[in-house]
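>>> sharing a model prediction with you, sequence too.
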Amino acid sequence: MTAVHRVLYVASEAYPLIKTGGLADVAGSLPEVLRQQGLDVRLLVPAYADLLHGLDTPSEAVAELSLEGDTVRILQCFLPGTSLRTWLLEHPSFSARAGNPYHDDSGAPWPDNAERFMLLSRAAAAISTSDTALAWRPDILHCNDWHSGPAIALAHLAPLRPRTVFTVHNLAHMGIFDRQTFDRLGLPSLLWQEHGLEYYGQCSFIKAGLVFADEITTVSPSYAREICESPGGMGLEGLLSQRRDHLTGILNGIDSQTWDPASDPHIPTPYDAGTLGGKALNKAALQQQLGLPSRQDCPLLGFVGRLVEQKGLELILPVLEDLLDTPAQLVILGRGDLRYEETLQALASRRPDALSVILDYDETLAHRIEAAADIFLMPSLFEPCGLNQLYSLRYGTVPVVRAVGGLADTVTDASGSALEEGVATGVVFAQPQPDDFLRAVGRAVALWQQPAVWQAVQRAAMAQDFSWQRSAERYLELYRSAID
């Protein structure tokens, strides 16, 4: 089988440089694990202003590229905490703008997002297909989500090109722009067709990756099946079904060093499967930190994520007061739709004894919630992979999830037989109905009230292996297959 030597990994965010969601966790972990397996991997991300401001060590300019009238610089650094060579794409549209990478403070997308991320795609394609001052060209161009989808199409049109892999982290975000934007970007006219970027009369950046990539991956096997059918395919199920032979679901991993309750620097009391009493100490510390009554006689529930419909807010909100009356306490961390934020804040003001809502992205607090909570809530309407349920399993925080996507692939329901066999790791429910969700939480609370059974579920959860090493081996096999 042909050897793979060089990989250009392109993403719009990567932890710890910049993070808004799970893509950053993947881009901050998978390339480094691939590098550790002997590949020459380069990570390419935009040089956002906040990213540059947060760098501990200065970056150096290593190349300048001329891209259809725009001049960009490539800065080089190492991803913090790793030996991964990282290239930062410097241009005023990225580097002179503070704040969220994708939208302004009101949540409206930046009006020049098409131009900004087309720059990222043009840079990735140029590095992959032509001679640049970097004097480096990959065997594999691996792009992620809509922000770099056009790079796959542009590379496909070049005389000399690498093999290409495109990963869909969430098909709901397609990078949709109008026809005028397509024309303004100066893309080849042949890309405006059904077997190109055209999507129901508009331009879709993600479709560029889906049409032209040699291999497509999604972040879980179940999600790979779901997007080949309606409604999961979001109107692209026909295309994805046609490409099914080149579509692979590879489950995401987690950074098992960053997310390790035995050595986590963010939590007050480290613990492991043999010292589960440490969770009670973390629970008491978080209750004190957030101003909740110090109670060990009721379960503490946790929710960390975007406050959007996808994450199951329409299942949680109708039964939230019933849930708190179980009795239980709930901590919610995240930002999202204003209507959800306002509803949760209003309820928290009425129920300060049982509900704490923190409207923020806070990495330290996310770790503390995982360590302190007894039960983690993740009733997603759809979930390509999900990472928080994996963190929860690692921390012995029993997840309540809906049987979709990566949640179905990673959590084993605490049915009678699974409990007897010692393989139960959480509570799974099927229908996206508030009452079904409430019953699932009730099942989890009933288990929590049986300490011996509960600890067996916790230990089974903590014994799961979702490290990136296993996922990286699958990607390496895919790279080799693409080249062959």
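Good, I have the coordinates.

>>> straight-line length of stretch 408-421, end to end?
Stretch 408-421 has its terminal residues 19 Å apart, counting by C-alpha to C-alpha, to the nearest Å.

>>> give me the contacts around it.
For stretch 408-421, contacts defined as C-beta atoms under 8 Å, 6 or more residues apart in numbering pick out 220-222, 251, 385-386, 389-390, 393, 399, 401, 423-428, 443-444, 447, 453, 456-457, 460, 464, 466. Every residue, glycine included, has its C-beta placed from N, CA and C.

>>> from those residues, which would you call buried?
220-222, 251, 385-386, 389-390, 393, 399, 401, 423-428, 443-444, 447, 456-457, 460, 466 (16 or more other C-beta atoms under 10 Å).

>>> just the contacts of stretch 408-421: which are in strands?
Pro399, Val401, Val427, Val428 (DSSP state E).

>>> pretty sure Ser471 contacts Gly249?
No. If you go by C-beta atoms under 8 Å, Ser471 and Gly249 don't touch, sitting 11.0 Å apart.

>>> check contacts around Ala456.
Leu419, Gly422, Ala424.

>>> if you could redo that for Leu338, that was the one I meant.
Taking C-beta under 8 Å, 6+ apart as the test, what Leu338 contacts is Gly107.

>>> try it again with 10 Å
Leu338 makes contacts with Ser106, Gly107, Leu307, as judged by C-beta atoms under 10 Å, 6 or more residues apart in numbering.

>>> could these go into TSV alongside secondary structure, pLDDT and distance to Pro270?
TSV is the format used below for these (DSSP: H, G, I helix; E, B strand; the rest coil; pLDDT from 0 to 100; distance: C-beta to C-beta, whole Å):
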residue	secondary structure	pLDDT	distance to Pro270
Ser106	coil	86	41
Gly107	coil	84	37
Leu307	strand	95	30
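
>>> among these, which one sits closest to Tyr48?
Nearest to Tyr48 among those: Gly107, at 17.6 Å, using C-beta to C-beta.

>>> wait, what's in contact with the closest one?
Here Gly107 is in contact with Asn100, Arg335, Gly336, Asp337, Leu338 (C-beta under 10 Å, 6+ apart).

>>> could you redo the last one with a cut-off of 7 Å?
By C-beta atoms under 7 Å, 6 or more residues apart in numbering, Gly107 lies in contact with nothing.

>>> please report the distance of it from Thr181.
20 Å (C-beta to C-beta, to the nearest Å).

>>> where does this structure dip in pLDDT?
Low-confidence segments of the chain (pLDDT under 70): 1-2.

>>> would you turn the contacts of Ala456 into TSV with distance to Gly175?
Formatted as TSV, the contacts of Ala456 follow (distance: C-beta to C-beta, whole Å):
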residue	distance to Gly175
Leu419	44
Gly422	45
Ala424	40
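
>>> just those residues: which are in helices?
Among the contacts of Ala456, the members falling in helices (DSSP state H) are Leu419.

>>> sticking with Gln292, tell me its helix or strand.
Careful, residue 292 is Leu and not Gln. Assessed by DSSP states H and E, Leu292 sits outside every helix and strand.

>>> so how far is Asn113 from it?
Distance, Leu292 to Asn113, by C-beta to C-beta: 39 Å.

>>> likewise Ser59?
24 Å.

>>> equivalent analysis for Val441, please.
In terms of C-beta to C-beta, Val441 sits 38 Å off from Asn113.

>>> more neighbours: which of the two?
Legend: neighbour count by other C-beta atoms under 10 Å for Val441 and Asn113, higher for Val441 (24 against 19).

>>> neighbouring contacts of the strand or helix carrying that one?
Using DSSP H and E, Val441 sits in helix 434-448. Contact partners of helix 434-448, identified using C-beta under 7 Å, 6+ apart, comprise 299, 315-316, 318-319, 322-323, 326, 328, 374-375, 379, 398, 400, 414, 427, 429, 453-454, 457.

>>> can you flag the buried ones in those?
For the contacts of helix 434-448, a burial check counting by 16+ other C-beta under 10 Å picks out 299, 315-316, 319, 323, 326, 328, 374-375, 379, 398, 400, 414, 427, 429, 454, 457.

>>> which residue, other than its chain neighbours, is closest to Ser128?
Nearest non-adjacent residue to Ser128, counting by C-beta to C-beta, 6 or more residues apart in numbering: Leu141, 4.5 Å away.

>>> what strand or helix carries that neighbour?
Short version, using DSSP H and E: Leu141 is in strand 140-144.

>>> moving C-terminal of that strand, what's the next helix or strand?
helix 149-156.

>>> partner strands of whichever helix or strand comes after that following helix, parallel or antiparallel?
Next along the chain after helix 149-156, taking DSSP H and E as the criterion, comes strand 163-168. Sheet partners assigned to strand 163-168 using DSSP bridges are listed as strand 140-144 (parallel), strand 215-218 (parallel).

>>> strand 163-168 vs helix 149-156, what angle?
160 degrees (axes from the mean of the first three to the mean of the last three C-alpha atoms, to 10 degrees).

>>> off-centre distance for strand 163-168?
16 Å (C-alpha atoms, centre = their mean, to the nearest Å).

>>> which residues touch that strand?
139-145, 149, 152, 155-156, 209-210, 213-219, 478-479, 482-483.

>>> what secondary structure does Glu473 sit in?
Secondary structure, DSSP: H, G, I helix; E, B strand; the rest coil: Glu473 is helix.

>>> and for it, the neighbour number?
As a burial measure, Glu473 scores 14 neighbours (other C-beta under 10 Å).

>>> can you report how many residues neighbour the nearest residue to it once chain neighbours are set aside?
Take Glu473 and drop its neighbours on the chain: the residue closest to it by C-beta to C-beta, 6+ apart is Gln37, 7.8 Å away. By other C-beta under 10 Å, the residues close to Gln37 number 14.

>>> quick one: Gln37 and Arg474 touch, right?
No. With contacts counted by C-beta atoms under 7 Å, Gln37 stays clear of Arg474, the gap being 11.7 Å.

>>> pretty sure Ala153 is touching Trp192, no?
No. With contact defined as C-beta under 7 Å, Ala153 does not count as touching Trp192 (11.3 Å).

>>> those two: who's more crowded?
More crowded of Ala153 and Trp192, by other C-beta under 10 Å: Ala153, with 26 against 14.

>>> gap between the more buried one and Thr164?
Taking C-beta to C-beta, one finds Ala153 at 9 Å from Thr164.

>>> swap in Leu324?
49 Å.

>>> no more questions from me, cheers.
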